[in-house]
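Peer 1: What would the 3D arrangement of this be:
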Amino acid sequence: MKRVMIIGGPGSGKSTLGRLLATKTGLPLYHMDRIHYRPGWDERSAEEKDALCHEVHMKDEWVFEGGHSRTLDERIERADTAIWLDLPVWLRMNRCLWRTIKNHGKTRPDLQENCPERFDLDFYRYIWRTRNTSSAKIGKKLSASPPRLKVHHFTRPKQVEDYISSC
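Peer 2: Numbers count the residues shown, from 1 in each chain. So this is what the prediction gives:
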């Protein structure tokens with residue numbers, strides 16, 4: 001395991017799993033949210049995101065958590081392990097709400113500086129609106145992935161816990 005991609009919806013536990021895997025394996029960790037935003041919640045252009053993702057993909061080793069659909073094919077091509085956190089939407093929304101309450105006004109380590117946690121109703125609408133379409137797209141991409149890619153599809157938190165324990 002040298003290049004691990006972790007994908008899933010908001011609140012699925014990508015950042016947490018990424019930190020745990022990076023600690024256990026010694027692989028460098030990359031957060032998509034740090035690519036998606038500059039400091040101060042300033043969103044990068046799609047082209048900038050593509051270029052920064054490509055830089056990560058070309059490295060020899062990584063744990064890369066998060067999604068950017070424009071570069072997903074390249075990430076799948078370079079990864080040797082894919083972990084898909086496909087947890088229920090009610091759990092993900094609860095996790096996001098708890099994360100917002102717990103970190104309100106503070107910047108999480110997986111974000112750029114000056115990106116304080118905030119309540120954003122549009123974010124929760126996005127989670128709800130994409131609950132089925134996002135999962136279907138990821139499933140389709142991973143089902144067509146190269147045979148050498150080791151795919152783990154987790155639908156329950158216990159599966160993720162068991163996986164981490166086995167690493």
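Peer 1: hang on, Cys115 packs against Trp41?
Peer 2: Yes. Using CB atoms under 8 Å, Cys115 is in contact with Trp41, at 5.2 Å. From N, CA and C alone the C-beta is placed, and that goes for glycine too.
Peer 1: Comparing those two, which residue is more hemmed in?
Peer 2: For the pair Cys115 and Trp41, the greater number of neighbours falls to Cys115 (20 against 15), based on other CB atoms under 10 Å.
Peer 1: which residues does Arg70 contact?
Peer 2: Ala46, Lys49, Asp50 (CB atoms under 8 Å, 6 or more residues apart in numbering).
Peer 1: again, only this time at 6 Å
Peer 2: Counting by CB atoms under 6 Å, 6 or more residues apart in numbering, Arg70 makes contact with Asp50.
Peer 1: Am I right that it is in a helix?
Peer 2: Yes. Counting by DSSP: H, G, I helix; E, B strand; the rest coil, Arg70 is found in a helix.
Peer 1: distance of it from Ser15?
Peer 2: Between Arg70 and Ser15 the distance is 21 Å, computed by CB to CB, to the nearest Å.
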